[in-house]
Structure formats: C-alpha cells, structure tokens
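Enquirer: this one's sequence-less:
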C-alpha cells in the first residue's frame with residue numbers, strides 16, 4: 001500500500017501547481033454559485049454608500065447629495081457612521097473604482113478574487129523561498145489557503161476581509177523579499193503595510209508584526225540599533241496611546257465587558273461577574289476607560305480575556321455547524337501545533353518566523369482587549385500565517401516533499 005501511495009504522491013507532485021490553480025477556480029465558482037453572485041452582508045451597505053459618494057464626486061462629499069450617501073454632520077447622528085467608515089477607508093475607495101467604471105458589484109468581487117489569486121501565488125513563492133526552494137511546504141500552505149472555506153468565502157462578500165487578507169499575505173511575501181532585495185523591496189513592503197493598515201481597523205497588526213520582524217533582524221545583526229529602536233518605541237508610547245484612543249472613538253469596549261460578551265452581540269457563553277462591576281466615569285477616553293475597568297475589575301477581566309482567547313482560536317462557537325466544529329478540532333487545532341513547531345525552526349529566516357507568529361498573536365491580543373466577532377471575520381485573516389508556519393514545520397518531511405522536486 002505504501003509504494004502505491006508514494007507513486008500517487010509523485011504523480012500529483014509533478015502537477016501540483018495546475019491542481020492548485022484548478023482547485024482555486026473551483027472554490028471561487030462554488031461560492032459565487034452558493035451566494036448567487038456577489039454577497040451583500042450586514043455591513044455592506046456602509047461601504048457601498050461611502051463608495052457611491054466617492055464614485056460620484058471623485059472624493060468624499062460630506063453631504064447627502066448622492067442618494068444613500070452617508071452625510072457627515074459635525075455633532076449630528078450621521079457623524080458616527082462617517083467616523084466609523086474612516087477605519088476601513090481603503091475598502092470603500094477600492095469599491096468606488098469599480099463603481100466608477102460601471103462594473104458594479106461584480107467588478108468589486110471579481111477584483112477581490114483576482115487579488116486573492118495573486119496572494120495565493122505570493123504565499124506559495126514566499127514559503128518556498130523560506131523552505132530552501134522546496135515545493136512541498138509551499139504546496140501545503142497554499143493548498144490549505146485555497147481549500148479553507150472560512151478564508152475563501154470572503155472573496156464573494158462585499159466586505160473588507162478579502163482585500164485585507166490579500167494585502168496581509170502580499171505584505172508577508174514582500175517581507176521575505178526584503179532579505180537581500182534592496183531598497184525597492186523595502187519600499188514595496190512599506191506601501192503594502194500602509195494599505196493593509198487602511199483596509200481594516202486592526203490592520204495595524206500587520207505593521208506591528210513587521211516591526212517585530214525588523215527588531216528580530218536588528219537583534220541578530222546590529223544590537224546597538226536594536227536597543228535604539230526599542231528606546232524609540234518606548235518614547236512613542238504616549239503618541240501611540242493617543243492614536244489608539246482616536247481609533248477607538250466609535251467603539252464601546254467597556255460596554256461589552258459589562259455584558260460579559262465573548263462574541264460581539266451574542267449572549268452565548270457570556271460571563272457574569274460574581275460581584276457588581278466598578279465602571280469608569282462618563283466622559284473619559286476609550287483607553288482610559290479600559291485601564292480603569294482593568295484596575296478595578298482585574299479578576300473578571302482576566303476571565304473575559306481567557307474566554308475570548310479560547311473562542312478566537314478554538315473556532316468552535318456553539319452556533320457553528322457540527323462539520324465546522326469537527327474540522328476545527330481535527331484539522332485546525334493540529335495545525336496550530338505544527339505552527340508552533342514551525343515558529344521554532346531555527347533553519348528558517350528568523351524575521352519571517354517572527355512575522356508569521358506575530359500576526360495571529362497580535363490579533364488575539366486585540367480580540368482579548370475588545371471582543372471576538374460573531375463569525376470568523378477576525379480569525380480568517382490570520383489563518384494564512386498559521387498555514388505558512390504549519391507548512392514550515394513540515395518542510396523537511398520526506399512525505400511532504402516526495403515527488404515535488406526543488
């Protein structure tokens with residue numbers, strides 16, 4: 001039996017790239033068929049209204065001149081929607097390009113799919129480079145990305161996730177190319193990090209991971225520069241906290257603490273305090289409110305954070321289907337173990353390992369301090385990095401590389 005399986009692997013290995021491409025095309029077609037075309041979700045209206053305004057004027061016009069456009073009225077009820085949209089500013093501008101070209105929602109979704117395909121190819125190339133040119137690890141990482149429904153479904157959604165995932169993966173690819181790639185590679189990485197940061201409120205985790213990767217490179221080669229960078233980071237903390245406070249202006253974090261939510265807007269698995277909670281006074285900033293709550297309710301906050309961490313990585317929310325939960329336990333959880341193994345491989349370039357591990361961990365920290373989403377919108381963007389690390393944990397395995405060549 002083993003020789004037969006080895007022969008099958010060798011034959012499939014020769015054609016693994018066309019097979020990956022074919023699988024990717026089938027997955028995209030399957031989701032388009034499932035949703036009957038571009039999928040309009042709960043938050044889609046917010047982005048499309050903003051995009052329609054930009055497409056009509058060439059810039060955002062703070063008025064209701066365009067039917068359905070979001071008006072910005074300082075101090076008024078509409079200002080909330082405008083301010084909240086700034087956290088996703090790249091996505092409505094991305095949508096506005098296709099609306100201006102009169103391709104509508106189909107143009108948006110097809111563009112998302114094209115970028116997703118480019119990102120899958122970039123992941124293949126980046127993992128292969130880190131694995132010393134071996135194709136096996138690259139094929140495993142890309143195959144998981146292509147075949148994981150929680151990731152690929154968003155290509156059909158009129159939501160930010162598809163664009164953000166593609167930009168995040170392309171940032172990883174650019175980071176790997178920085179090694180010996182000169183200033184152009186660095187400039188490309190910088191541009192992609194800025195775009196990722198503008199695509200979602202938590203887009204800064206990709207830039208944060210890149211910063212940690214840079215610190216790892218400095219620590220290994222230029223120790224004085226490393227300490228200088230750490231010192232500069234410490235001095236910048238007040239500015240970062242101020243920026244974070246501004247970023248969180250339309251979020252109600254402490255209110256989710258008060259409700260004991262582990263998943264936003266859902267009472268499922270909600271925690272309840274053993275004693276009345278001490279809440280921050282009105283009129284304080286979001287960061288100050290969180291710090292006040294942490295200082296006065298440390299035990300309850302610790303329980304909340306532990307629960308959110310499990311809900312985030314576990315991916316077994318009670319309202320998920322049985323098949324989804326079984327896939328998480330039987331496939332995703334072992335992939336986490338392989339990812340830990342991959343993160344510890346000293347024969348893989350350290351800054352890349354730091355980046356791959358930092359993106360999921362920083363996103364987990366964000367979820368612990370805020371709240372997990374009702375579905376997989378927070379987990380899906382970090383899964384490509386888990387897949388890459390898991391594949392690197394296997395990259396010297398004979399089973400993975402047999403028939404692949406170099």
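Expert: Received it, and whenever you're ready, just let me know what you need. Small disclaimer: the values here were computed from a predicted structure and weren't measured.
Enquirer: how about low-confidence regions in the stretch 251-400 of the chain?
Expert: 396-400 (pLDDT under 70).
Enquirer: Now do the helices in it.
Expert: 253-259, 286-296, 298-314, 322-327, 333-343, 350-369, 383-393, 398-401 (DSSP state H, counting those that start in this stretch).
Enquirer: Nearest to residue 129, out of those helices?
Expert: Residue 129 sits nearest to helix 350-369 of all the helices of the stretch 251-400 of the chain, at 8.9 Å, using CB to CB. (Each C-beta comes from the backbone N, C-alpha and C, glycine too.)
Enquirer: and the angle from that closest one to helix 383-393?
Expert: Using axes from the mean of the first three to the mean of the last three CA atoms, to 10 degrees, the direction of helix 350-369 lies 140 degrees away from that of helix 383-393.
Enquirer: per-residue pLDDT, the closest residue to residue 28 other than its chain neighbours?
Expert: Sequence neighbours aside, residue 113 is the residue nearest to residue 28 in space, at 5.3 Å (criterion: CB to CB, 6 or more residues apart in numbering). For residue 113, the model assigns a pLDDT of 98.
Enquirer: count of neighbours near residue 113?
Expert: Residue 113 has 22 neighbours, counted by other CB atoms under 10 Å.
Enquirer: list the contacts for it?
Expert: 28, 155, 156, 162 (CB atoms under 8 Å, 6 or more residues apart in numbering).
Enquirer: of all those residues, which comes closest to residue 58?
Expert: residue 162 (24.7 Å).
Enquirer: what's near enough to touch the closest one?
Expert: Contacts of residue 162 (CB under 8 Å, 6+ apart): 112, 113, 115, 116, 154, 155.
Enquirer: one more time with 6 Å
Expert: 112, 154, 155 (CB atoms under 6 Å, 6 or more residues apart in numbering).
Enquirer: ok, back up a step: dump the contacts of residue 113 to CSV, plus pLDDT and distance to residue 344.
Expert: Formatted as CSV, the contacts of residue 113 follow (pLDDT from 0 to 100; distance: CB to CB, whole Å):
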residue, pLDDT, distance to residue 344
28, 97, 35
155, 98, 32
156, 97, 36
162, 97, 31
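Enquirer: Sitting in helices, which of those do you find?
Expert: Among those, the members falling in helices (DSSP state H) are 28, 162.
Enquirer: just to revisit the earlier point, mean neighbour count and distance to residue 22 added to the helices of the stretch 251-400 of the chain, as a markdown table?
Expert: Shown next, in a markdown table, are those (neighbours: other CB atoms under 10 Å; distance: least, CB to CB, whole Å):
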| stretch | mean neighbour count | distance to residue 22 |
| --- | --- | --- |
| helix 253-259 | 18 | 43 |
| helix 286-296 | 17 | 47 |
| helix 298-314 | 17 | 31 |
| helix 322-327 | 13 | 22 |
| helix 333-343 | 17 | 23 |
| helix 350-369 | 21 | 27 |
| helix 383-393 | 26 | 19 |
| helix 398-401 | 15 | 20 |
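Enquirer: dump the residue contacts of residue 192.
Expert: 167, 170, 171, 174.
Enquirer: redo that, cut-off 10 Å
Expert: Residues near residue 192 by CB atoms under 10 Å, 6 or more residues apart in numbering: 166-175, 206-207, 210.
Enquirer: May I ask which helix or strand encompasses it?
Expert: Using DSSP states H and E, residue 192 sits within helix 182-199.
Enquirer: Buried residues, that helix. List them.
Expert: Applying a neighbour-count criterion of 16 or more other CB atoms under 10 Å, one finds 185, 188, 189, 192, 193, 194, 195, 196, 197, 198, 199 buried in helix 182-199.
Enquirer: Once you drop chain neighbours, what's closest to the fourth one?
Expert: On the basis of CB to CB, 6+ apart, the spatially nearest residue to residue 192 that is not a chain neighbour turns out to be residue 171, at 4.4 Å.
Enquirer: Run the chain-centre distance for the host helix or strand of that neighbour.
Expert: Assigned by DSSP H and E, residue 171 belongs to helix 161-178. Relative to its parent chain, helix 161-178 has a centroid offset of 10 Å by CA atoms, centre = their mean, to the nearest Å.
Enquirer: re earlier: what is the nearest of the buried residues of helix 182-199 to residue 335?
Expert: Nearest to residue 335 among the buried residues of helix 182-199: residue 196, at 23.0 Å, using CB to CB.
Enquirer: so what's that closest one up against?
Expert: 90, 163-171, 202-207, 210, 381.
Enquirer: Do a quick rundown of the helices in the stretch 1-150 of the chain.
Expert: 2-14, 16-35, 44-57, 79-85, 90-100, 104-130, 135-147, 149-152.
Enquirer: in the second one, what's buried?
Expert: Going back to what we said before, that points to helix 16-35. 16, 20, 23, 24, 27, 28, 31, 32.
Enquirer: Would you mind getting the angle between it and helix 104-130?
Expert: Using the same axes, to 10 degrees: helix 16-35 against helix 104-130 is 150 degrees.
Enquirer: repeat for the fifth one
Expert: Note on geometry: by the same axes, to 10 degrees, helix 90-100 and helix 104-130 are set 130 degrees apart in direction.
Enquirer: could you give the angle of helix 90-100 to helix 161-178?
Expert: Using the same axes, to 10 degrees: helix 90-100 against helix 161-178 is 110 degrees.
Enquirer: Next: the second one.
Expert: What separates the directions of helix 16-35 and helix 161-178 is an angle of 160 degrees, with the same axes, to 10 degrees.
Enquirer: okay, now residue 235: neighbour count?
Expert: 9.
Enquirer: now do residue 221
Expert: Count around residue 221 with other CB under 10 Å applied: 9.
Enquirer: May I have the predicted confidence score for it?
Expert: 88.
Enquirer: Quick check on it: phi, psi?
Expert: phi -120, psi -30 (degrees, to the nearest 10).
Enquirer: was I right about residue 122 contacting residue 165?
Expert: No - under the criterion of CB atoms under 10 Å, residue 122 makes no contact with residue 165, lying 11.6 Å away.
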